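> below are the sequence and a predicted model; questions follow.
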Amino acid sequence: MLDEPDSGIARWRRIADDLKRAIADGTIRDRAPAESELAERYGVNRHTVRRALSVLNAEGLLRTERGKGTFVNPQAPRLSYPITARTRFSENLARQARSPAGRLIRADRVAADGPLSAALGCRPGAPLHRLETLHVADGVPLSVATCHFSAERFPGIVAAYAETGSITEALKREGCADYRRRETRISAGRISPSDAEHFGLGPDAIILLAVAIDVDLENRPIQAIRTRFAADRMELLVETGSEPS
């Protein structure tokens, strides 16, 4: 038997997805089914089963003990990340008794394309600072963000962030004392190879994607941000507040 596509989905991927769902809903709590049992259940060879198990091992969901079998790893509860008008990574995590930190992965200057110029309210081709940042809590990577700022309005934003590890503090140094979230668009997708490396996850892990625009108190755009969250470590909580009376 070969690992051929089945209804457009590789058989090893279908096995991995089924096992992941069974772990999530508690059907599998301790020990995963044996390779021989899975091979018979799905009508595949053991090589296909091992590929599925290796992916879940890489994602930290399972661990294989030689001579004993494959077991479910205890999963830490997901951290809740509120999406509000004042979304702040450090404040959100500190309120949950976590120790947040940010690190600059890379930074460069780019020209604003059509979508970025529309998001930031600048002319096409305007110079932008692009920052790639990694955010952790208690040493565990939670999110990777790509941020764009006007290089004309915030010329020192890269150095300020590299020193403080905080976008909020960096903006204060650049003259923006306060800001708020104007909009956030949330979706999900497969992790990229570079993000998988930063998160320490396997190549088939799922990320939550939040594409957002922040504005100052005069409603002028200051930041266009694309944040990827590790879906098995974070949940996004959209807080809408009370209904207007």
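Everything's here; your move.
> from Ala34, how far out is Arg50?
Arg50 is 12 Å from Ala34, where distance means CB to CB, to the nearest Å. All C-beta spots, glycine's among them, are computed from the backbone N, C-alpha and C.
> one more: Thr70?
Distance from Thr70 to Ala34, counting by CB to CB: 8 Å.
> quick one: which of those two has more around it?
Thr70 (21 against 13; other CB atoms under 10 Å).
> per-residue confidence for the more buried one?
Thr70 carries a pLDDT score of 91 in this model.
> can you check Gly241 too?
The predicted local confidence for Gly241 comes out at a pLDDT of 67.
> also Asp3?
Each residue has a pLDDT score; the one for Asp3 is 45.
> what of Ile15?
In the prediction, the pLDDT value recorded for Ile15 is 93.
> point out where this structure drops to low pLDDT.
Counting by pLDDT under 70, the ranges of the chain that qualify are 1-9, 75-77, 90-100, 241-245.
> if we go to 50?
Per-residue confidence of the chain (counting by pLDDT under 50) places the weak regions at 1-5, 7-8, 243-245.
> mind listing the helices for the protein?
Chain-ordered helices for the chain, with DSSP state H as the definition, fall at 11-24, 35-42, 46-58, 89-94, 114-120, 157-164, 167-173, 193-199.
> how about these, which one is nearest Val215?
Nearest of the helices of the chain to Val215, taken as CB to CB: helix 114-120 at 9.9 Å.
> in the closest one, what's buried?
Of the residues in helix 114-120, those buried by neighbour count under the rule 16 or more other CB atoms under 10 Å are 116-117, 119-120.
> identify the farthest-apart pair in the residues you listed.
That would be Ser117 and Ala119, which, of those, are the farthest apart (CB to CB) at 7.4 Å.
> can you list the domains in this structure?
What the record gives for the chain is the domain set 5-72, 79-238, from automatic domain parsing.
> neighbours of Gly175, just the number please.
10.
> from Asp216, how far out is it?
Gly175 sits 10 Å away from Asp216, going by CB to CB.
> could the helices of the chain go into JSON lines alongside distance to Thr227?
Converted to JSON lines, the helices of the chain look like this (distance: least, CB to CB, whole Å):
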{"stretch": "helix 11-24", "distance to Thr227": "23"}
{"stretch": "helix 35-42", "distance to Thr227": "36"}
{"stretch": "helix 46-58", "distance to Thr227": "23"}
{"stretch": "helix 89-94", "distance to Thr227": "9"}
{"stretch": "helix 114-120", "distance to Thr227": "14"}
{"stretch": "helix 157-164", "distance to Thr227": "15"}
{"stretch": "helix 167-173", "distance to Thr227": "11"}
{"stretch": "helix 193-199", "distance to Thr227": "11"}
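> quick one, which of those is nearest to Leu134?
Closest to Leu134 of the helices of the chain is helix 193-199 (CB to CB; 5.5 Å).
> quick one: distance of that closest one to the chain centre.
Its chain's C-alpha centre lies 10 Å from the corresponding centre of helix 193-199 when counted by CA atoms, centre = their mean, to the nearest Å.
> now it: buried residues?
Of all the residues in helix 193-199, those buried under the rule 16+ other CB under 10 Å are 195-196, 198-199.
> for that helix, name the packing helices and strands.
For helix 193-199, the contact count by 3 or more CB pairs under 8 Å, 6 or more residues apart in numbering; DSSP states H and E identifies strand 140-150 as packing neighbours.
> how far away is the closest residue to Val215 other than its chain neighbours from Ile213?
Of all residues beyond its chain neighbours, the one nearest Val215 is Arg182 (4.7 Å), with distances taken as CB to CB, 6 or more residues apart in numbering. Taking CB to CB as the criterion, Arg182 is separated from Ile213 by 5 Å.
> what sits in contact with each of those two?
Taking CB atoms under 8 Å, 6 or more residues apart in numbering as the contact criterion, the common neighbours of Arg182 and Ile213 are Pro221.
> noted, bye for now.
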